[in-house]
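Colleague: My questions are about this predicted structure, shown below with the sequence.
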Amino acid sequence: MFLALVIGTIFWWRFFGSFDISNDAAQYQEAALNLLENQNFRINGELSMMREPGYPFFLAVIYKIFGVHPWAVRVVQFLLHFGIVIITYFLAKKFFGNFSARLSSFSVAIYPMFNILTSWLISEILACFLVMIFLLIFYFASEKEKYYLYALAGLILGCLAMVKAIFAPAIVIFLVLIIFQKNKYSWRANLKKASVFLFFFLLLVVPWLFRNYSNFQQFSLSSRNGVVLFIRASRNNYDFEQAKKYIISSLSGEYLVRRFIDPNYNFENDYVGKSALRESMAKAGENLETDNYDKIDIELKKEAINLIKEHPVKYLFFGLIEVSNLNSPMIYYERHFSIFHDSIYGQAFLKIFLILVLRLIWWLFVGLVIYAIYKSSREKKAVLYASILLILYINAIIFFLHGNPRFLIPAFPLYLMFCAYSLQILIGKLMRHSLV
């Protein structure tokens, strides 16, 4: 397993892992360096809440120890990836047995996107590690019924929320699981455990919330929610032709649209709403007489809410498309919903066939995950429910936002774990049938 992980990581670093520190990585890098130099969280030269502080702090610690060398981050993230593989094996073995443990951990070890992301200065690998270590501690807390383990689980979930704010509301799920789990103790004892869990979660999160409120009058972990919500709500402005292109690209790939409808269509630009976003940000900046991102984000949120109110049914419809986008093949290239985007002419039948095969395989994979969730939901294990609810939670959140498959990485080992369990069930049935 270790050898597979090392070989896979070296391969993907060599061929795909090189990168420029730009876009998200540049913002994380700037924030980390500012933390090192003056202990202030600054982006674009000013105090900011544009990003969650967890990953810049992670970078700052590494740079403090090893110097400002991105290779050091890659090495640490490789070690985190190895930790993800080990935890996946342990949890899958506890949940489903040896076959699922070996298959799911091996899949995590060699899956290209995990190996690629270990070399990028973005937060997915750290968030994935925190998700898995949280589930591991939550498992021990449920088994041993120790308050200190619930305290540690609360701290880890707080760390995860500080890396990916989208996980902060998930605290409600785990509080319910703790309070209503069946054990030899009374519900009052469960309530005490839930209180300890919540206290240590808030211990990490609340100071940053107050920091943002005092500086920006926003009781929030970050200020990207306005931009993200606007990108999603801007789809409400699509006419029939725009909606048709977007839906076809989301479900079957950009190639089909470019080959048969519009050769100049670019799903990536449409997907993130770049033109509408630029126009609205510029307009908000002019109205506010500022280029401060955090203030503009507040205005974008207001505009997004108005768009949603105007066409609520359309917004909900596109929610289904975004869930499909989230659960799409994760390929290295940014236009992760398509292949053959650089050459649309020639061998059309073969290209369409390959795209459809890729899609069918992926839908089969997602179907196996759903089947395993259904089968395992009958088992009365708190941490298994936690894993299932995390998957459902992420899909529910993306229903209201926009579905970049990269957002699935923190929970993707769980997908692989459940898929392996489905295969274990189906192989077992096949073997029993052959024996009969």
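Modeller: It's in.

Colleague: so Leu408 touches Ile397, yeah?
Modeller: No: applying Cβ atoms under 8 Å as the test, Leu408 and Ile397 come out as separate, 11.1 Å apart. For glycine as for every other residue, the C-beta is placed from the backbone atoms N, C-alpha and C.

Colleague: So between these two, which is more surrounded?
Modeller: Leu408 (22 against 18; other Cβ atoms under 10 Å).

Colleague: Tell me who's in contact with that one.
Modeller: By Cβ atoms under 8 Å, 6 or more residues apart in numbering, the contact list for Leu408 reads 326-327, 330, 394, 415.

Colleague: from those residues, which is closest to Ser422?
Modeller: Tyr415 (10.7 Å; Cβ to Cβ).

Colleague: Mind giving me the packing neighbours of the strand or helix carrying that closest one?
Modeller: Element membership for Tyr415, per DSSP states H and E: helix 412-435. Contacts defined by 3 or more Cβ pairs under 8 Å, 6 or more residues apart in numbering; DSSP states H and E place helix 412-435 against helix 70-95, helix 98-110, helix 124-144, helix 348-376, helix 382-400.

Colleague: For it, which outside residues touch it?
Modeller: The contact list for helix 412-435 (Cβ under 8 Å, 6+ apart) reads 84, 87-88, 91-92, 95-97, 99-101, 103-104, 107-108, 111, 113-114, 128, 131-132, 330, 365-366, 368-369, 371-373, 375-376, 387, 390-391, 408.

Colleague: Mind giving me the ChimeraX command for buried ones among those?
Modeller: In ChimeraX, this line selects whichever of the contacts of helix 412-435 come out buried by 16 or more other Cβ atoms under 10 Å:
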select :84,87,88,91,92,95,96,99,100,101,103,104,107,108,111,113,114,128,131,132,330,368,369,371,372,373,376,387,390,391,408
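
Colleague: re the thing from before, the helix holding Tyr415 vs helix 124-144, what angle?
Modeller: Interaxial angle, helix 412-435 versus helix 124-144 (axes from the mean of the first three to the mean of the last three Cα atoms, to 10 degrees): 60 degrees.

Colleague: Now do helix 412-435 against helix 348-376, angle only.
Modeller: Using the same axes, to 10 degrees, helix 412-435 lies at 80 degrees relative to helix 348-376.

Colleague: Now helix 412-435: buried residues?
Modeller: Under 16+ other Cβ under 10 Å, the buried positions of helix 412-435 are 412-425.

Colleague: May I see the residues you listed organised as CSV, with pLDDT and distance to Gly253 added?
Modeller: Shown next, in CSV, are the buried residues of helix 412-435 (pLDDT from 0 to 100; distance: Cβ to Cβ, whole Å):
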residue, pLDDT, distance to Gly253
Phe412, 96, 21
Pro413, 97, 26
Leu414, 97, 26
Tyr415, 97, 21
Leu416, 96, 23
Met417, 96, 28
Phe418, 96, 25
Cys419, 96, 22
Ala420, 96, 27
Tyr421, 95, 29
Ser422, 95, 25
Leu423, 95, 26
Gln424, 94, 31
Ile425, 92, 31
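
Colleague: between those, which is nearest Gln218?
Modeller: Of all these, Phe412 has the smallest distance to Gln218: 30.5 Å, by Cβ to Cβ.

Colleague: where does the spatially closest residue to Ala141 that is not a sequence neighbour sit relative to Phe134, distance-wise?
Modeller: Excluding its sequence neighbours, the residue lying closest to Ala141 (Cβ to Cβ, 6 or more residues apart in numbering) is Leu149, at 3.7 Å. Distance of Leu149 to Phe134, given as Cβ to Cβ, to the nearest Å: 11 Å.

Colleague: neighbour-wise, which of those two wins?
Modeller: Under the neighbour definition other Cβ under 10 Å, Leu149 and Phe134 were set side by side, and Phe134 has more, 26 against 20.

Colleague: wait, isn't that one in contact with Leu157?
Modeller: Yes: counting by Cβ under 8 Å, Phe134 touches Leu157, with 5.5 Å between them.

Colleague: Which residues are in contact with each of those two?
Modeller: Counting by Cβ under 8 Å, 6+ apart, Phe134 and Leu157 have no common neighbour.
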